[in-house]
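> My questions are about this predicted structure, shown below with the sequence.
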Amino acid sequence: MNYSAYLLDIEGTVCPISFVQDVLFPYFTAQVPHLHESINPNIIDILSKFEIEDNNELTRHILDLVSRDVKDPLLKQLQGYVWAQGYETGEIKAPVYPDAVDLIKRHEGRVYIYSSGSVKAQKLLFGHVQGPDGETMDLLPYIYGYFDINTSGKKTDAQSYINILRDIKIVGKFDSDQLAGNILFLSDNPLELDAAKEAGFSTGLAIRPGNGPVLDVSKYSQYTDYSEL
Ligand SMILES: CSCCC(=O)C(=O)COP(=O)(O)O
Ligand SMILES: [Mg+2]
C-alpha cells in the first residue's frame with residue numbers, strides 16, 4: 001500500500017531504545033545538578049516553570065522524572081536544550097536504523113515526526129545522524145514537519161492525532177480531501193498505535209531488538225524493517 005504521508009515515532013521506531021536510555025538520558029542527568037548555574041535564558045526560563053525554589057529539591061524532582069521516564073512537557077523541553085551541546089560538540093550522534101534512513105529519504109517531503117521528545121530535540125537528532133562511515137548525516141531536508149507533546153498532546157490520546165492531521169493538512173503537501181487512513185503512523189508502543197487508529201490513521205508496529213513486549217501482537221501490522229514501505 002502506498003501512503004500519502006508517514007508519521008514516525010523516534011525511540012524504538014527509527015532508533016534503538018538503548019540510544020535514548022543509555023546515551024541521551026545519562027548525558028542529561030549528568031548535567032542536571034549544574035543546571036541552576038546555567039546562563040542560557042531558555043534553560044533559566046524552563047527551570048523557573050517547575051516552580052521549585054530550592055536547587056537540591058529541583059534537581060531531585062527532575063532526576064526522579066527521568067528515572068520514571070515521565071513524558072513531562074517541561075522536562076522534554078529542558079532535555080532539548082541540554083542535548084544541544086552534546087550534538088554540537090560531536091559527543092552525541094544518533095544511530096538511526098539504515099532502513100529508517102532509506103524510508104525517510106525515499107519519501108522526502110512526506111515524512112513527519114511525532115515524539116515525546118521536544119521538536120528541538122527531534123531536529124537535533126535528525127540533524128546529527130551517525131553515517132555508515134562514521135560521518136554525520138543531516139536528514140532534516142527530507143522531513144516535512146515535527147510534532148511533540150507540547151504542539152499536539154499526549155501520544156496515547158486519539159485527539160493528538162486529530163490535531164496532527166489538521167496541521168498536516170494546513171502545512172503539508174497533503175490534499176485536504178485525503179483521509180487519516182492515508183497516513184501511516186509507525187511506533188513501538190501499542191497504546192500510541194491504538195490512539196492513532198481511533199483517530200483513523202493506518203498504523204504499523206515497529207519490531208526491533210530491545211523493544212518492549214507487546215501482548216496482543218497479532219492485532220498490528222508488524223515491521224521488522226521498513227524496506228517494503
Ligand atoms: C527526540 S529524541 C528523545 C526521545 C525522548 O525523549 C523520548 O521520550 C522518546 O519518546 P518517543 O515518543 O520517541 O518514544
Ligand atoms: Mg517509541
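Happy to help now that I have it. Ligands and ions are numbered 1, 2, ... in the order given.
> Quick check: the residue of the protein nearest ligand 1.
G117 (2.3 Å; CB to the nearest ligand atom). Placement of C-beta: from N, CA and C, glycine included.
> Q79 is in contact with that residue, correct?
Yes. G117 is within contact range of Q79, at 7.0 Å (criterion: CB atoms under 8 Å).
> what are the phi and psi values for the spatially closest residue to Y114 that is not a sequence neighbour?
What sits nearest to Y114 in space, not counting adjacent residues and going by CB to CB, 6 or more residues apart in numbering, is F147, at 4.4 Å. Phi and psi for F147, reported as degrees, to the nearest 10, are phi -130, psi 140.
> Could you report the neighbour count for F147?
Counted with other CB atoms under 10 Å, the neighbours of F147 add up to 22.
> gap between it and D45?
Distance, F147 to D45, by CB to CB, to the nearest Å: 22 Å.
> same check, this time on K219
For K219 relative to D45 (CB to CB), the value is 43 Å.
> What lies in contact with the host helix or strand of G80?
Using DSSP states H and E, the secondary-structure element containing G80 is helix 73-88. Outside helix 73-88, the residues that touch it by CB atoms under 8 Å, 6 or more residues apart in numbering are 24, 27-28, 31, 35, 40, 42-43, 46-47, 49-50, 62, 65-66, 92-93, 116-121, 124-125, 127-128, 148-150.
> ok, now which ones touch D157?
D157 sits next to A195 when contact means CB under 8 Å, 6+ apart.
> anything in the helix or strand containing Q122 near ligand 1?
Taking DSSP H and E as the definition, one finds Q122 inside helix 119-127. Yes. Looking at helix 119-127 against ligand 1 by CB under 6 Å from any ligand atom, the contacts come from A121, Q122, L125.
> got a pLDDT number for T59?
Reading off the per-residue confidence, T59 sits at a pLDDT of 98.
> same question, N56
pLDDT recorded at N56 is 97.
> Distance of it relative to P33?
The separation that N56 has from P33, given CB to CB, amounts to 9 Å.
> now swap in G134 and tell me
With the distance defined as CB to CB, G134 ends up 32 Å from P33.
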